[in-house]
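1. The following comprises the amino acid sequence and a computationally predicted model.
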Amino acid sequence: MRQLSSSPLGQVRAWLAAAALALAGLGAGASQAAAVPADFWGVSPQAAPSAEQLQRLRRGGVDSIRIGISWNAAQPKNGVAPNFSASDGLIGGAAEAGLNVLPFVYDAPSWAVPRVKVPGPTSARAPQTLPVKTGAERAAWSAFLAQVVERYGPGGRFWSENPRLPAEPIQTWQIWNEPNFKYFVARPNPVEYGQLVKASFAAVRGVDPAAQLVLAGLYSHPGEAGHFSPPRAYFAADFLERMYRSTPGIRTKFQGVALHPYTGSFKRLAPQIEEFRQVLARNHDSGKGLWITEIGWSSEPFGQEHDSFAKGPAGQARELKAAFSLFAQKAAKWRLKRIYWFSVDDAPPGVCNFCGGSGLFGKGFVPKKSWYAYVKFAGGAP
């Protein structure tokens with residue numbers, strides 16, 4: 001496994017490896033894998049990958065796959081048992097391929113929380129608030145989350161129902177996705193998110209006392225932050241700061257934080273990450289690890305209107321190389337645990353402004369230049 005040694009000699013070697021990376025700049029290679037923690041390289045799919053595609057990702061050096069488990073999709077009707085067929089397929093395929101799984105559990109059905117149109121010029125709908133406004137909401141969320149952990153955690157029913165699969169019980173859970181941005185909760189609220197984390201910690205640890213919680217990936221700098229009342233978005237650092245201040249005892253309820261530092265250029269990554277880590281330091285929590293659970297650019301033609309992420313195929317690969325070089329160089333300083341490229345595949349038009357070109361693979365699972373760049377860092381074979 002690609003893990004730093006804690007011995008003095010290992011520390012010297014790690015420092016030398018990091019220094020070599022800094023000198024190498026964009027000249028990425030498999031040697032960079034030695035400078036990062038185990039299971040560092042991850043991806044997020046937009047559509048469910050096939051078994052063959054998962055195997056190819058693993059051969060390419062991918063360690064982990066991040067998937068969403070939507071409460072709304074799994075249990076759209078009250079009083080009906082959740083349907084986990086979608087997540088069963090992904091988690092089973094990942095286990096067969098030897099891939100670690102990081103699930104983010106999110107969303108709420110309309111019977112639990114009112115769903116409303118997302119503010120602004122969009123047809124999307126989202127829960128109006130997080131499921132903590134009433135005792136009934138908290139109880140329903142906690143019950144669903146507990147069922148997820150009971151299914152996929154240690155000794156879970158999914159593993160006993162599928163004895164031919166390599167047992168890879170999940171013990172790290174991410175709570176919600178981008179709760180600081182309107183697309184995942186129409187009225188973002190850091191106070192409510194702190195309450196959700198506390199409720200989730202009790203639900204998860206009630207099933208698996210050794211489970212680890214990672215906070216939701218926060219979108220670092222959404223453009224609507226600070227412009228509307230009630231808020232449609234918060235800057236990630238501000239949201240995290242407000243959560244700490246409003247939620248006594250919150251530091252003991254999670255083991256890692258997560259960030260989605262989307263930006264038009266890799267050159268702005270470091271300031272965003274430093275800003276985020278400063279919040280941890282101010283709240284006497286700087287020992288927490290940081291997970292970059294989404295990062296990416298688009299291979300769509302450079303200069304597309306309203307899409308600063310569009311770089312063209314060569315530009316997408318260039319941004320990946322530069323960002324991954326930075327992450328490898330700063331892994332120890334920033335306490336980076338994992339990096340997840342968004343995404344594996346391109347989405348149909350209209351999903352988001354850059355989702356149609358964000359994949360490492362295009363239509364027909366044809367690899368892009370960015371996939372070959374990814375593989376060099378991950379130490380695999382394309």
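-> Now that the structure is in, tell me what you want to look at.

2. And the helices in the stretch 1-150 of the chain?
-> Using DSSP state H, counting those that start in this stretch, the helices of the stretch 1-150 of the chain run over 8-24, 51-59, 71-74, 85-97, 135-152.

3. would CSV of those helices with mean neighbour count and distance to P188 be doable?
-> Using the backbone N, CA and C atoms, a C-beta is placed for each residue, glycine as well. Listed next are these as CSV, based on neighbours: other C-beta atoms under 10 Å; distance: least, C-beta to C-beta, whole Å:
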stretch, mean neighbour count, distance to P188
helix 8-24, 14, 36
helix 51-59, 18, 32
helix 71-74, 19, 18
helix 85-97, 19, 25
helix 135-152, 18, 16
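
4. for the ones you listed, which one sits closest to D208?
-> D208 lies closest to helix 135-152 among those, at 5.6 Å (C-beta to C-beta).

5. Which strands or helices does that closest one pack on?
-> helix 71-74, strand 100-106, helix 157-161, strand 172-175, helix 190-207 (3 or more C-beta pairs under 8 Å, 6 or more residues apart in numbering; DSSP states H and E).

6. tell me the most buried of those?
-> A comparison of the helices and strands packed on helix 135-152 by mean neighbour count, using mean count of other C-beta atoms under 10 Å, puts strand 172-175 on top with a mean of 24.

7. That strand - contacts with which helices or strands?
-> strand 100-106, helix 135-152, helix 190-207, strand 212-219.

8. pLDDT of it, averaged?
-> For strand 172-175, the mean pLDDT works out to 98.

9. Pipe the helices and strands packed on strand 172-175 into CSV and attach mean pLDDT and distance to K311 per row.
-> Shown next, in CSV, are these (pLDDT from 0 to 100; distance: least, C-beta to C-beta, whole Å):
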stretch, mean pLDDT, distance to K311
strand 100-106, 98, 26
helix 135-152, 98, 36
helix 190-207, 98, 32
strand 212-219, 98, 19
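
10. Touching, Q212 and I175? I think so.
-> No. If you go by C-beta atoms under 8 Å, Q212 and I175 don't touch, sitting 11.1 Å apart.

11. my read is Y372 is in a helix, agree?
-> Yes. Counting by DSSP: H, G, I helix; E, B strand; the rest coil, Y372 is located in a helix.

12. how much space between it and K133?
-> Using C-beta to C-beta, to the nearest Å, we find Y372 at a distance of 48 Å from K133.

13. ok so, going back, minimum distance to A258: which of the helices and strands packed on helix 135-152 has it?
-> Nearest to A258 among the helices and strands packed on helix 135-152 is strand 172-175; the distance by C-beta to C-beta comes to 6.5 Å.

14. about what we covered before: make CSV out of the helices of the stretch 1-150 of the chain and add distance to D345.
-> Output for those, formatted as CSV (distance: least, C-beta to C-beta, whole Å):
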stretch, distance to D345
helix 8-24, 29
helix 51-59, 8
helix 71-74, 19
helix 85-97, 13
helix 135-152, 23
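
15. how about Q272, what does it touch?
-> Q272 makes contacts with S220, H221, A236, L259, P261, T263, as judged by C-beta atoms under 8 Å, 6 or more residues apart in numbering.

16. Now with 7 Å, please.
-> For Q272, the contacting residues are S220, H221, P261, T263, by C-beta atoms under 7 Å, 6 or more residues apart in numbering.

17. wait, the third one sits on G296?
-> This points to P261. No. In this structure P261 lies outside contact range of G296 using C-beta atoms under 7 Å: 10.4 Å.

18. Now for the two: what residues contact both?
-> With the criterion set as C-beta under 7 Å, 6+ apart, the contacts of P261 and G296 do not overlap.

19. hang on, the earlier thing: among the contacts of Q272, which one sits closest to G93?
-> Once C-beta to C-beta is applied, the member of these that ends up nearest G93 is P261, at 28.6 Å.

20. Would you mind listing where the protein has pLDDT under the threshold?
-> Along the chain, the parts satisfying pLDDT under 70 run over 1-34, 304-306.

21. For burial, what's the neighbour tally of K333?
-> 11 (other C-beta atoms under 10 Å).

22. Check E224 too.
-> Counted with other C-beta under 10 Å, E224 comes out at 15.

23. Could you report the separation of the residue nearest to the spatial centre of the chain from S325?
-> Nearest to the geometric centre of the chain sits T293, at 2.6 Å (C-alpha atoms, centre = their mean). Using C-beta to C-beta, we find T293 at a distance of 20 Å from S325.

24. Compute the first-to-last residue distance for stretch 336-349.
-> 32 Å (C-alpha to C-alpha, to the nearest Å).

25. Now stretch 324-344: buried residues?
-> Of the residues in stretch 324-344, 324-332, 334-344 count as buried by neighbour count, 16 or more other C-beta atoms under 10 Å.

26. In TSV: the helices and strands packed on strand 172-175, plus distance to V36.
-> TSV is the format used below for the helices and strands packed on strand 172-175 (distance: least, C-beta to C-beta, whole Å):
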stretch	distance to V36
strand 100-106	14
helix 135-152	26
helix 190-207	27
strand 212-219	17
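
27. and of those, who's closest to K182?
-> strand 212-219 (10.1 Å).
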